[in-house]
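Chemist: sequence below, structure please.
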Amino acid sequence: MNKKMVGLLAFERMAAADLTGPAEVFSRAHLAGDDGGDSSCYNVLIVGIGAQPCSTEGGIVVKPHTDLESAPALDTVIIPGGSGMSNDKITKKLAKWLNHRSSTTRRIAALGTGIYPLAATGMLDHRQVATHWRYATDVAKRFPRLRVNANCLFVKDGPFYTSAGAMAGIDLSLSLIEEDYGICVALAIARELVVPAKRSGLQEQYPETLQFQTRSVSRLSELTTWVISHLNEDLTVDILAARACLCRRHFSRRFKEEFGTTPAAFVERLRLNEACHRLAIRDNSVEDIAASLGFKSAATFRRAFRRQLGLMPMDYRHRVARDGESVCRLSHDPQKEGFSKAA
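Modeler: The predicted model follows:
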């Protein structure tokens, strides 16, 4: 099997997670060979701006395998982010190299602030992009021809992939492997790396569970994490109250005070958010999704989905397939209960 060459760019003050996360994911991709052994799918190459070692933001020293001038032909190029991107010399040098290599590279991915040199090439003009929420406003201001999505984990537009970076870089890497070798290979790597869930690009950078956790400093903040991993179970108010070691009445009152919603609405919101992610995977039937998320029946699931989103689950799936992952996404307004449909 011909291994695909993945080049991870390295520079001074890069984000270590943007480099090591994808490197770990791609290096663990294997296929069973005809002889019963395993064959690695990728060669992972660290490509430095120069040949000399460089340090990450956290002080980890990285020794590149090669430099920009000597790098071989690459199937995939990944540009990490990091505070080093504030150095104009670094971004200009990378932008020039990316322009030169783009015609012979199948796909280019930018993580977090790694979008700056790629955007400077002009190749992202009029394309939809993602970046870390902290830098979305600045990216949109500096590159007004980009269609910046400040919320989702990662976006694909043509041969270009952009991501929020950090842990979202692992999500994007798994997605790229799924494109190449299928969902089973990607899920096997996710399991090996003990990733809690293989997230799609449409998932929000500030997910529902984290929203609730940051709004609570009591024992209820831990309850949100427990609920998201037990959505297939019976999650009545009595069960949640017992989990929080509170009586039903006191639990319901405390929950409403801290989260601004009822326990039942909270559970339904998390179930429907997860349903949206699962509907994006076409192999999942509506019936299987309903059962796996604790709905009493597929009919109950369809009614809840339509009540909160204004369309049926299959209509949502068709719309995502037609318009892309970043549209028709659920978003929660912390100032009020319920959902709004993102345009």
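Chemist: what about the helices in the stretch 51-200 of the chain?
Modeler: According to DSSP state H, counting those that start in this stretch, the stretch 51-200 of the chain carries its helices in the segments 88-101, 115-120, 136-142, 167-181, 183-192.
Chemist: list the contacts of the shortest one.
Modeler: Surrounding helix 115-120, the residues in contact under the criterion C-beta atoms under 8 Å, 6 or more residues apart in numbering are 79, 81, 85, 90-92, 94-95, 98, 108, 110, 124, 129, 131, 135, 139, 142-143, 146, 160, 162. For glycine as for every other residue, the C-beta is placed from the backbone atoms N, C-alpha and C.
Chemist: same check, this time on the fourth one
Modeler: Contact with helix 167-181 is made by 4, 17-18, 21-22, 24-26, 29, 31, 41, 76, 78, 80, 107, 109, 111-112, 153-154, 156, 161, 163, 185-186, 189-190, 193, 195, 198-201, 203, 205, as judged by C-beta under 8 Å, 6+ apart.
Chemist: pLDDT of the longest helix along the chain, averaged?
Modeler: Using DSSP state H to assign secondary structure, the helix with the most residues in the chain is helix 263-279. Mean pLDDT, computed over helix 263-279, is 88.
Chemist: so, low pLDDT: which residues of the stretch 151-300 of the chain?
Modeler: 196-219 (pLDDT under 70).
Chemist: hey, where'd the strands end up in the stretch 101-250 of the chain?
Modeler: Taking DSSP state E, counting those that start in this stretch as the criterion, the stretch 101-250 of the chain carries its strands at 107-111, 128-130, 147-149, 154-157, 160-163.
Chemist: ok, back up a step: emit the ChimeraX select command for whichever of the contacts of helix 167-181 are buried.
Modeler: Of the contacts of helix 167-181, the buried ones go into a single ChimeraX selection, burial set by 16 or more other C-beta atoms under 10 Å:
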select :4,17,18,21,22,25,26,29,41,76,78,80,107,109,111,112,153,154,156,161,163,185,186,189,190,195,198,199,200,201,203,205
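Chemist: returning to that earlier point: how about the strands of the stretch 101-250 of the chain, which one is nearest residue 238?
Modeler: Smallest distance to residue 238 across the strands of the stretch 101-250 of the chain (C-beta to C-beta): 39.5 Å, for strand 154-157.
Chemist: now residue 8: closest residue in space that isn't a chain neighbour?
Modeler: Nearest-residue entry for residue 8: residue 78, 5.0 Å, with adjacent residues in sequence omitted and distances by C-beta to C-beta, 6 or more residues apart in numbering.
Chemist: how close does the one you found sit to residue 225?
Modeler: Going from residue 78 to residue 225 by C-beta to C-beta, to the nearest Å gives 30 Å.
Chemist: show me this structure divided up by domain.
Modeler: Partitioning the chain according to automatic domain parsing yields domains covering residues 4-192, 208-341.
Chemist: doesn't residue 16 make contact with residue 84?
Modeler: No - counting by C-beta atoms under 8 Å, residue 16 is not a contact partner of residue 84; they are 11.7 Å apart.
Chemist: what sits in contact with each of the two?
Modeler: residue 57.
Chemist: between those two, who's got more neighbours?
Modeler: A side-by-side neighbour count of residue 84 and residue 16, using other C-beta atoms under 10 Å, places residue 84 first with 22 against 17.
Chemist: tell me the contacts of that one?
Modeler: 11, 12, 13, 14, 57, 90.
Chemist: number of residues surrounding the fifth one?
Modeler: In terms of burial, residue 57 registers 16 neighbours under the definition other C-beta under 10 Å.
Chemist: gap between it and residue 164?
Modeler: With distances defined as C-beta to C-beta, the gap from residue 57 to residue 164 amounts to 16 Å.
Chemist: out of the contacts of residue 84, who's the most crowded?
Modeler: Neighbour counts for these (other C-beta under 10 Å) peak at residue 14, which has 30 neighbours.
Chemist: what residues are bridge-paired with that one?
Modeler: Note on residue 14: beta-bridge partners by DSSP bridges are residue 56.
Chemist: quick revisit: between the contacts of residue 84, which is closest to residue 262?
Modeler: residue 57 (42.4 Å).
Chemist: from what I see, that closest one and residue 14 are in contact.
Modeler: Yes - with contacts defined as C-beta under 8 Å, residue 57 counts as touching residue 14 at a distance of 7.0 Å.
Chemist: re the thing from before, wait, doesn't the residue nearest to residue 8 sit right on residue 14?
Modeler: No - Residue 78 is beyond contact range of residue 14, at 11.2 Å (criterion: C-beta under 8 Å).
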